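Chemist: Okay, sequence plus prediction incoming.
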Amino acid sequence: MALERSKVVASQDTAHGVGHDYVKGSPHLRHDRLRHMVEDRLAQLVRATIERDGSCHVLEIGAGHGTFTDALIAAGARVTVTEASAASAELLTSRYADVDAVEVYYDTSGESVFDLDRTFDAVSCIALMHHIPDYVSFARRLATMIRPHGWFYCAQDPTYYPRRSWLTRILDRGTYFVWRLAQGEVRRGLATRWRRLRGEWSETEESDLVEYHVVRDGVDELALAGALEELFDDVDLFTYWSTQSPVLQRLFQRLDPPSEFGIAATGRRG
Ligand SMILES: C[S@@+](CC[C@H](N)C(=O)[O-])C[C@H]1O[C@@H](n2cnc3c(N)ncnc32)[C@H](O)[C@@H]1O
């Protein structure tokens, strides 16, 4: 697992290099409705902590270019952000150079965060868990860094594929495929798809490593929620529809097939 983890982290650095466009393939950044939903839940958690304790220090793992760091600061939090991509860490460092409320930490192994030996009021992981091979134990270890009464929040990870209804499967894969076709990646997309349908993943190809669980089985939201229930008083698991294309996002919004999920776990037990 350690070798796999380090390969996956190395692929984050390569895939999210200088000039990487996080927005293009990220429905939660592209579509206002989704971004606001993710941000509003996050802001509510921050405000509740500030109301109770007077301040809120959040550890944000895998901040990308800082979309949700901005939301956290706007809600009044202090934020320590980590990034496994050198280019993104550099961009964040210069972006927040004059902002006292933000501290940036380049996590070369994706694991050095656990050596910080610090605690926080909360941990936020947006669009992150699907990049972590052993996400359940990763979340458990992050929870050890959360102070009593604190919270854990994650969002924008694909629901577990084996449990999905056929309708969710068809809509999710179908809309993704249509979007890929529109990007002009037909041949490469088909070859990769065919290989993955046969259950074959490359341990060296970046496309099979960077979006680790997206190209495998999705993220087991019940396993994650179950692990958090052992550590937090309240665990709110929510699901929603998310797809790349703006037209298809709107088209199936009413139906709301549960393609993606988030978890707000509050009341960390002491
Ligand atoms: C899909 S992006 C999401 C970025 C941002 N949270 C957002 O929603 O816009 C995932 C990010 O997590 C980073 N990442 C992946 N594994 C990580 C780890 N173990 N520690 C820190 N960052 C990690 C990647 O480099 C990438 O920038």
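Modeler: Thanks, I have the structure now.
Chemist: for Phe232, phi and psi?
Modeler: Phe232 adopts backbone torsions of phi -120, psi 150, taken as degrees, to the nearest 10.
Chemist: can you check the one 3 residues further on too?
Modeler: With angles defined as degrees, to the nearest 10, Val235 shows backbone torsions of phi -130, psi 110.
Chemist: That one: neighbour count?
Modeler: 19 (other Cβ atoms under 10 Å). C-beta: built from backbone N, CA, C; applies to glycine.
Chemist: what comes up buried for the host helix or strand of Trp151?
Modeler: Assigned by DSSP states H and E, Trp151 belongs to strand 146-158. Under the neighbour-count criterion of 16 or more other Cβ atoms under 10 Å, strand 146-158 has 146, 149-158 buried.
Chemist: which among those are in contact with the ligand?
Modeler: When Cβ under 6 Å from any ligand atom is applied, no member of these is adjacent to the ligand.
Chemist: ok, those vs the ligand, which is closest?
Modeler: Closest approach to the ligand among the buried residues of strand 146-158 (Cβ to the nearest ligand atom): Gln156, at 6.2 Å.
Chemist: pLDDT score assigned to Ser94?
Modeler: On pLDDT, Ser94 comes in at 97.
Chemist: Wait, a helix at it?
Modeler: Yes - counting by DSSP: H, G, I helix; E, B strand; the rest coil, Ser94 is found in a helix.
Chemist: what about it, neighbour count?
Modeler: 9.
Chemist: so how far is Ala87 from it?
Modeler: Per Cβ to Cβ, to the nearest Å, Ser94 is found 11 Å from Ala87.
Chemist: circling back: quick check, nearest of the buried residues of strand 146-158 to Val102?
Modeler: Closest approach to Val102 among the buried residues of strand 146-158 (Cβ to Cβ): Tyr153, at 17.6 Å.
Chemist: re the thing from before, what's the farthest-apart pair in the buried residues of strand 146-158?
Modeler: His149 and Pro158 (30.3 Å).
Chemist: what number of residues lie near the residue lying closest to Phe114 once chain neighbours are set aside?
Modeler: Nearest in space to Phe114, with sequence neighbours left out and distances taken as Cβ to Cβ, 6 or more residues apart in numbering, is Arg141 at 5.8 Å. Per other Cβ under 10 Å, the neighbour tally for Arg141 reads 13.
Chemist: What of Gly218?
Modeler: 21.
Chemist: For it, give me its contacts.
Modeler: 130, 157-162, 164 (Cβ atoms under 8 Å, 6 or more residues apart in numbering).
Chemist: Report the buried members of those.
Modeler: Using 16+ other Cβ under 10 Å, the buried members of the contacts of Gly218 are 130, 157-161, 164.
Chemist: Pick the one among the residues you listed closest to the ligand.
Modeler: Using Cβ to the nearest ligand atom, the buried ones among the contacts of Gly218 come closest to the ligand at His130, 8.0 Å.
Chemist: which residues does the closest one contact?
Modeler: Contacts for His130 were tallied using Cβ under 8 Å, 6+ apart; they are 157-158, 211-214, 218-219.
Chemist: Dump those into CSV; add secondary structure and pLDDT as well.
Modeler: Shown next, in CSV, are these (DSSP: H, G, I helix; E, B strand; the rest coil; pLDDT from 0 to 100):
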residue, secondary structure, pLDDT
Asp157, strand, 98
Pro158, strand, 98
Glu211, coil, 87
Tyr212, coil, 92
His213, coil, 91
Val214, coil, 91
Gly218, coil, 96
Val219, coil, 98
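Chemist: near the ligand, which residues of the stretch 1-150 of the chain?
Modeler: Going by Cβ under 6 Å from any ligand atom, the residues of the stretch 1-150 of the chain near the ligand are 9, 12, 16, 22, 29, 61-64, 67-68, 82-85, 88, 107, 110, 126-128, 131-132.
Chemist: Narrow these to just the buried residues.
Modeler: Buried residues within those, counting neighbours by 16+ other Cβ under 10 Å: 9, 12, 16, 29, 61-64, 67-68, 82-85, 88, 107, 110, 126-128, 131-132.
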